[in-house]
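Novice: Using only what follows, build the 3D model:
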Amino acid sequence: MINRPLAIAAALLLLLLLPLVLQGPYIRHLFILAFLFAIVAASWDLTLGLTGLFNFGHIAFFGLGVYTAGILTTQAGVDPWLVIPIAGIVAALAAFVVAAPTLRLRGIYVVLVTFAFSQLCLQVVMSQGDLTGGAGGIVRVPSLRISDYNFARDQRLGYYYVSLVLSLACIAALVAIARSPLGKTARAVRDNPEYAAARGIDQMRIRLTMLVISAIPTGIAGALYCIYFRVAAPEVFSFSTSTLILTMLLVGGAGSIVGPAVAAVGIVMISEYLEQFPDLKATKHMLLAVGIILVLRFFPGGLAQISANLFARSAKTVGATPERAP
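Specialist: Next up is the predicted model:
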C-alpha cells in the first residue's frame, strides 16, 4: 500500500537533505529555478484549471514581480527581503486592474485581452528605459543578506532553502484555498455557470477573487527570481517563458495545484538537460510540445491523474479480502 502522508513526508525530507548530499552549485540552481516556477505554475492553475478563467497573461504578474524587485532595490534602496512581499501586493493590484475589462468576457476574448496585457507590460518596460533599463534590463540587483551572511557567496545553499520554504508555503496556501468553500464555489462556476447563477453565486466576484489571489504568490516568485539572478530582464515576459509554465500546468494536471508544481521540477531538469546537446537545443520546445500531446492523449489529467490511479489501485489491493483456503 502507498501511504500518502508517508510519501509526502519522505519527499519533504529528501528535499531538505538533497543540497547537503549534492553540493554542486549547478544542481542547486536547477532546483531553485524549479521551486520558483512551481509557484508560478500552481498559482496559474488556480485560475486556469480550478476556476476555468482562460487567463493567458499570468506571466505578466511574474514579470511585474521581477521588475518591482529590480526597481525598488536598485533605485529606492529597499531591502531585498522587504521587496518580496511588496512584489506580491503590486501583482495583486495589477490583477485587480486587468480584471475590470476581462471578467465580463468569455472564451477566446479573455485569452486575447489577458495576453494583450502581458504584451502591454513588456512594451512599457521596453519604452521606459530610465526606470527599467529598457532592453538591457536592470543589473546588479542586491542579493539577500542576514547580517554579514551573503546568500550570493554560499554556493546557492541559502537560496535553495529560501526558495524551497517559499514554494512549500505558497503551494500549501493554494491547496488550502482550493479545498475551501471558496475553491469549491470556483469549481461550480467553472463546471456549471448556469447552475451557479441560479444559486445566486456572484461569478464575477469569485473570478476576481481567484485572479487576485493567484497573482500574489506569482509576484512573490518573480521578486525572488530577480534577487536570485540579480537582474531584471524583459525576457521574463516572453512567450517562451509563458509556454514553459503552461507546459508544467498541463503535464501536471490542470485543477490539481500540486500536479503542476511537481511537473515544474521534472520539466526544468529535462529542459536544462537538453541544453547540453547542441543538436537538441533548437528542438527543445518541439520536444516539450510532443511531451504535452502524449501526456494529454493517454493521461488527460496529467501527473495528478497518474498519482490518483496509483493510490486507488494501492487502496484496492489492500482492501481486497483474500479467499480462504478450502
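
Novice: Correct me if wrong: residue 37 contacts residue 248.
Specialist: Yes. Residue 37 lies in contact with residue 248 (Cβ atoms under 8 Å); the separation is 6.4 Å. Where C-beta positions appear, they are placed from N, C-alpha and C, glycine not excepted.

Novice: which residues are common contacts for those two?
Specialist: Common neighbours of residue 37 and residue 248, counting by Cβ atoms under 8 Å, 6 or more residues apart in numbering, are 264, 267.

Novice: and residue 247, how many neighbours?
Specialist: Neighbour count of residue 247, defined by other Cβ atoms under 10 Å: 22.

Novice: And residue 89, by the same measure?
Specialist: The number of residues packed near residue 89 is 15, by other Cβ under 10 Å.

Novice: Rank the helices and strands of the chain by mean pLDDT and give me the bottom one.
Specialist: The weakest-scoring helix or strand in the chain, judged by mean pLDDT, DSSP states H and E, is helix 302-319 (a mean of 65).

Novice: Wasn't residue 53 part of a strand?
Specialist: No. Counting by DSSP: H, G, I helix; E, B strand; the rest coil, residue 53 is not part of a strand but coil.

Novice: rewinding a little: so if I had to pick from residue 37 and residue 248, which one is more boxed in?
Specialist: Higher neighbour count among residue 37 and residue 248: residue 248, with 31 against 26, using other Cβ under 10 Å.

Novice: My guess is that one contacts residue 256. True?
Specialist: No. Here residue 248 lies out of contact with residue 256, judged by Cβ under 8 Å, at a distance of 11.7 Å.

Novice: shared neighbours, these two?
Specialist: Common neighbours of residue 248 and residue 256 (Cβ under 8 Å, 6+ apart) do not exist.

Novice: Show me the strands in this structure, by range?
Specialist: 138-139, 145-146, 149-150, 231-232 (DSSP state E).

Novice: Of these, which is nearest residue 189?
Specialist: Closest of the strands of the chain to residue 189 is strand 231-232, at 35.3 Å (criterion: Cβ to Cβ).

Novice: for the closest one, what is the average pLDDT?
Specialist: Average pLDDT, strand 231-232: 95.
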